[in-house]
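> give me a 3D structure for the following:
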Amino acid sequence: MDPHLLRTFVSVARRASFAEAARDLGFPQSAVSRHIATLEADLRTPLLTRRPVAPTAAGARLLEHAGPLLHRLDAARADVERLAGAATARLTLGASPLAMAPRVAAALAEVRRAHTGLRTAVRLLGRDEIPAAVAAGQLDLGLTDGLTAPGDPLPLPDPGPLPALAVAEGPLVVLLPLGHPLSRRLGLRLTDLAAPRWRWLDAPDAAVPLRLLRAASGTDGFRAALRYEGTDVRALLALAAAGHGLTLLPHSATAGAPGLVAVPLISPRLVHRVELLHGTALDDPAADFAELVTGMVAWAGAGGHRHE
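Okay, here's the model as predicted:
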């Protein structure tokens with residue numbers, strides 16, 4: 001199966017349009033149509049209906065396999081290119097905003113001191129982008145975060161098997177502006193905060209996403225008063241202090257936030273967890289960074305795990 005044809009198929013299926021897929025891929029629409037026809041001939045079955053454009057049953061099954069297959073091909077290319085350029089060591093680290101803690105920066109500094117001439121890049125990405133970028137070989141390492149029960153691994157999307165190492169677990173707090181009716185509470189329950197009277201900041205990349213709060217509480221509450229699409233946590237804290245809405249953050253991200261009261265989340269029993277993802281066997285300097293960052297923070301549990 002030609003991977004170029006497979007990429008075209010994925011683009012058409014996800015866009016539900018031959019024309020939009022052609023624009024994304026930079027091909028003439030006629031070339032996209034030929035790619036799909038060639039792939040269908042190779043597999044001897046229709047993969048897409050044309051009006052409307054949608055996967056057939058066979059196409060839907062192929063789409064399930066296509067993502068992991070293409071990610072593994074990208075990772076293989078990245079590994080070979082890395083070996084070919086081994087004379088110049090590099091480390092590309094991706095991190096979601098709430099995973100990029102000061103201790104992470106300290107570990108990176110230590111690795112750079114130990115590896116003279118190391119070419120280093122840090123990319124701040126949305127938490128949902130991290131696993132796919134690691135699987136595709138675009139990142140050597142990826143730090144991601146999310147909600148989980150104490151000691152449990154993060155429920156990550158499945159771009160293919162990814163080894164994951166636990167970095168940290170910590171408590172969660174609800175941030176309230178000074179004078180808020182709930183600011184004198186010693187602890188808060190998630191179900192109480194889902195009531196329509198409480199409005200939230202919808203900040204999917206800079207805070208705990210509202211969709212996760214709804215899933216954890218088993219309600220359809222948590223109405224958004226304002227959507228924040230940035231990754232700067234300090235800007236989010238300023239919006240919360242100004243009364244634009246409540247937000248849930250790890251306690252470690254709220255230190256020194258003016259105009260806010262941090263009230264612990266006491267039910268359900270959830271923690272903020274950070275994990276380090278990697279796509280292949282860890283070699284220097286990535287292995288050094290992994291050893292430093294996973295050993296720097298105390299966490300509930302032991303060892304690593306594999307998402308499969």
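> okay, CA-based contacts and neighbour counts for the rest of this
OK.
> just checking, what packs against the helix or strand harbouring residue 215?
When elements are assigned from DSSP states H and E, residue 215 belongs to helix 210-217. Helix 210-217 is packed against helix 190-193, with contacts defined by 3 or more Cα pairs under 8 Å, 6 or more residues apart in numbering; DSSP states H and E.
> for the helix or strand just after the helix it packs on, packing partners?
As assigned by DSSP H and E, the chain's next helix or strand after helix 190-193 is strand 199-202. Judged by 3+ Cα pairs under 8 Å, 6+ apart, the packing partners of strand 199-202 are strand 223-227, strand 247-250.
> just name the most buried of the ones you listed.
Of all these, strand 247-250 has the most neighbours on average by mean count of other Cα atoms under 10 Å, namely a mean of 24.
> mind listing the strands for the stretch 101-250 of the chain?
Here the stretch 101-250 of the chain has its strands, by DSSP state E, counting those that start in this stretch, at 119-124, 141-148, 162-170, 172-177, 188-189, 199-202, 223-227, 247-250.
> contacts for the helix holding residue 215?
Contacting residues not belonging to helix 210-217 are listed as 147, 190, 191, 202, 203, 204, 220, 221, 222, 268 [Cα atoms under 8 Å, 6 or more residues apart in numbering].
> just the buried members of those?
By neighbour count, with 16 or more other Cα atoms under 10 Å, the contacts of helix 210-217 hold 147, 190, 191, 202, 203, 204, 221, 222 as buried.
> and those, which is closest to residue 262?
Proximity of those to residue 262 (Cα to Cα) peaks at residue 190, which lies at 14.3 Å.
> about what we covered before: reformat the strands of the stretch 101-250 of the chain as CSV; add mean pLDDT and distance to residue 60.
Output for the strands of the stretch 101-250 of the chain, formatted as CSV (pLDDT from 0 to 100; distance: least, Cα to Cα, whole Å):
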stretch, mean pLDDT, distance to residue 60
strand 119-124, 93, 32
strand 141-148, 94, 29
strand 162-170, 91, 23
strand 172-177, 96, 39
strand 188-189, 96, 41
strand 199-202, 96, 32
strand 223-227, 95, 33
strand 247-250, 96, 37
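> so where is the stretch 151-300 of the chain shaky, pLDDT-wise?
By pLDDT under 70, the low-scoring segments of the stretch 151-300 of the chain are 158-161, 280, 296-300.
> quick one: buried residues of the lengthiest helix in the chain?
If you go by DSSP state H, the chain has its longest helix at helix 57-84. Using 16+ other Cα under 10 Å as the test for burial, helix 57-84 gives 59, 62-63, 66-72, 74-76, 78-79.
> quickly note the distance from residue 230 to residue 239.
Distance of residue 230 to residue 239, computed by Cα to Cα, to the nearest Å: 12 Å.
> of these two, who's got more company?
Higher neighbour count among residue 230 and residue 239: residue 239, with 18 against 14, using other Cα atoms under 10 Å.
> which one is that one nearest to, not counting chain neighbours?
Closest residue to residue 239 apart from its sequence neighbours, by Cα to Cα, 6 or more residues apart in numbering: residue 245 at 7.5 Å.
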